[in-house]
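A.B. asks: 3D model of this:
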Amino acid sequence: MPTTPGTTTQSPSNGAADAILLELVDENGVTIGTAEKLAAHQPPGQLHRAFSVFLFDEHGRLLLQRRALGKYHSPGVWSNTCCGHPYPGEAPFAAAARRTYEELGVSPSLLAEAGTVRYNHPDPDSGLVEQEYNHFFVGMVQSPLRPDPEEVDETAFVTPAELAERHEKDTFSAWFMTVLDAARPAVRELTGPSAGW
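C.D. replies: I've put the predicted structure just below:
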């Protein structure tokens, strides 16, 4: 697995998506440069570093979020607990913990990196492309949520059966199932066989 530099203190100058820089990587996850966020998602997409977080409660239920309607990419769709992009030079683990707190107002417990997955998912609604080298993390949530309404429209804790039912009727992010499937071995280790993941 590639190594990344330690946490940086860089933060975006404003909330504009195109002002935020992403870390471009090669097929092995080695950093090769940067690109503005919006440019990296324009077709055909530029391969960049991302992260996805899957947090569970004490009953083994997965925390989902429905993305805020004001988001430029995949607004109003259901997705994993938290996802995003490290700042250039920021460790994916630090970015995952930071964004989980920024979006949901909680610090994950027992957060651990569980692997990486590379995918290419066009989003038919926005026309944007997710070309990502995604570091995924699993952990627990053990305190009340305080979602930021600018980021999160709704949350839900679901069992595997409830997720399957919701996935049938609701719209989910293009990347959700790809990353969840990659994370399942670590999820089973965290939640135990009785949770059914």
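A.B. asks: and the longest helix anywhere in the chain, which residues are buried?
C.D. replies: Scanning the chain for the longest helix, with DSSP state H as the assignment, gives helix 176-191. If you call a residue buried by 16 or more other Cβ atoms under 10 Å, then helix 176-191 has these buried ones: 176, 178-180, 182-183, 186-187, 190-191. Heads up, the C-betas are built off the backbone N, CA and C, glycines and all.
A.B. asks: and which of the residues you listed is nearest D153?
C.D. replies: F176 (15.6 Å; Cβ to Cβ).
A.B. asks: what sits closest to the closest one if chain neighbours are left out?
C.D. replies: Distances taken as Cβ to Cβ, 6 or more residues apart in numbering place S79 nearest to F176, at 5.3 Å, with adjacent residues excluded.
A.B. asks: gap between the one you found and T171?
C.D. replies: Distance of S79 to T171, given as Cβ to Cβ, to the nearest Å: 10 Å.
A.B. asks: could you do P122 as well?
C.D. replies: Taking Cβ to Cβ, one finds P122 at 15 Å from T171.
A.B. asks: repeat for A91
C.D. replies: Distance from A91 to T171, by Cβ to Cβ: 32 Å.
A.B. asks: ok, those two, which is more surrounded?
C.D. replies: Set A91 next to T171 and count neighbours by other Cβ atoms under 10 Å: A91 wins out with 19 against 13.
A.B. asks: read off the pLDDT value for the residue nearest in space to the middle of the chain.
C.D. replies: By Cα atoms, centre = their mean, the chain has its centre lying nearest to C83, at 1.8 Å. C83 is assigned 95 on the pLDDT scale.
A.B. asks: quick one on the thing from earlier: and the residue nearest to F176, bridged to which residues?
C.D. replies: Beta-bridge partners recorded for S79 (DSSP bridges): Q65.
A.B. asks: what's the neighbour count on it?
C.D. replies: Applying other Cβ under 10 Å, we find 21 residues neighbouring S79.
A.B. asks: that one touches A68, doesn't it?
C.D. replies: No. Using Cβ atoms under 8 Å, S79 is not in contact with A68, being 11.3 Å away.
A.B. asks: alright, I will stop here.
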